[in-house]
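Q: Whatever this is, show me its structure:
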Amino acid sequence: MKHRIHGMLNGIAVLLSLAAGALPAQTTLPQVDVVGPKWETRRGGYVISSNFNVDPKMSAVIYPAEPFQKGDIFDFRTVRMSDDEYFVLQECASADCTQGHILQVWTKNGGLAQTSRDPNRFWIPHEGKIFMFMQRFPMSGAGGPENALTGVPDHGSGFTGFEPFSPPLVLNPIGTPDQFRACNVKAAQEKGPVKVIASEHDGSQMKLRFEGGAAVFIQRMRAAE
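A: Numbering: from 1, shown residues only. Modelled structure (predicted):
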């Protein structure tokens, strides 16, 4: 299992140098010890884990300490997010991780292009190198129609979708022409994902706090045998 985890870390280190130019390239990562419980039996027929890592040298990337398995459930809850913030669940779509597949994106209003019965949960379709990050796409005041009540340009609640395939750690949003005029998407992507500034295990959940004040809870669930 450790070899599989280190393999994933080395893959993510390579992809950072390819997809996030603002972050320094790395080839190896140190051992990271997680103090949270691996699995904790809970009511409702599920076993729940908060066993995620945030690497100190790549503090914008979160990954499961134990690789996801097919049928695992990733549970995401927002505590505080802005309209321009997007939490991304992505996997490596190629062996060298130069191509990524975005599995789901959450905003403060729930999942984009949500297909499951629970907007907070995503069912993992297969084992793979899966990781998470937060991307911010600030909207400027220009480029959108004015709100009739405030007189301020209104771009809605943010982008409404995403392209399923992109380089790792890159979110390509889908939205209206007004939204793209109001947001410098390329500049936001070049800046890279938002850094995690604090993380803690809260029972069976991990709480993550990001630069700018966003805070979320994440956990993984597995049907109890």
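
Q: Only alpha carbons, please: show stretch 123-132 as CSV.
A: Extracted in CSV, the C-alpha atoms of stretch 123-132 (Å, rounded to 0.1, in the frame of the first residue of the first chain):
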residue,chain,number,x,y,z
TRP,A,123,-19.5,7.4,-5.8
ILE,A,124,-15.9,6.5,-6.9
PRO,A,125,-16.2,4.6,-10.2
HIS,A,126,-12.9,2.7,-10.0
GLU,A,127,-9.6,2.6,-8.3
GLY,A,128,-7.1,5.3,-9.4
LYS,A,129,-4.9,8.2,-8.6
ILE,A,130,-7.5,10.7,-7.3
PHE,A,131,-6.8,14.0,-5.6
MET,A,132,-8.6,17.3,-4.7
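
Q: What residues sit buried inside that stretch?
A: W123, I124, G128, K129, I130, F131, M132 (16 or more other Cβ atoms under 10 Å). Bear in mind the C-beta positions are built from the backbone N, C-alpha and C, glycine included.

Q: ok, and what's touching it?
A: Residues outside stretch 123-132 that contact it (Cβ atoms under 8 Å, 6 or more residues apart in numbering) are 7-8, 11-12, 61-64, 67-74, 87-92, 97, 103, 116, 168, 218.

Q: And for stretch 104-119?
A: 74, 76, 78, 80-83, 85-89, 120, 122-123, 157-162, 171.

Q: Going through the residues you listed, which ones are buried?
A: Members of the contacts of stretch 104-119 classed as buried by 16+ other Cβ under 10 Å are 74, 76, 78, 81, 83, 85-89, 120, 122-123, 158-159, 162, 171.
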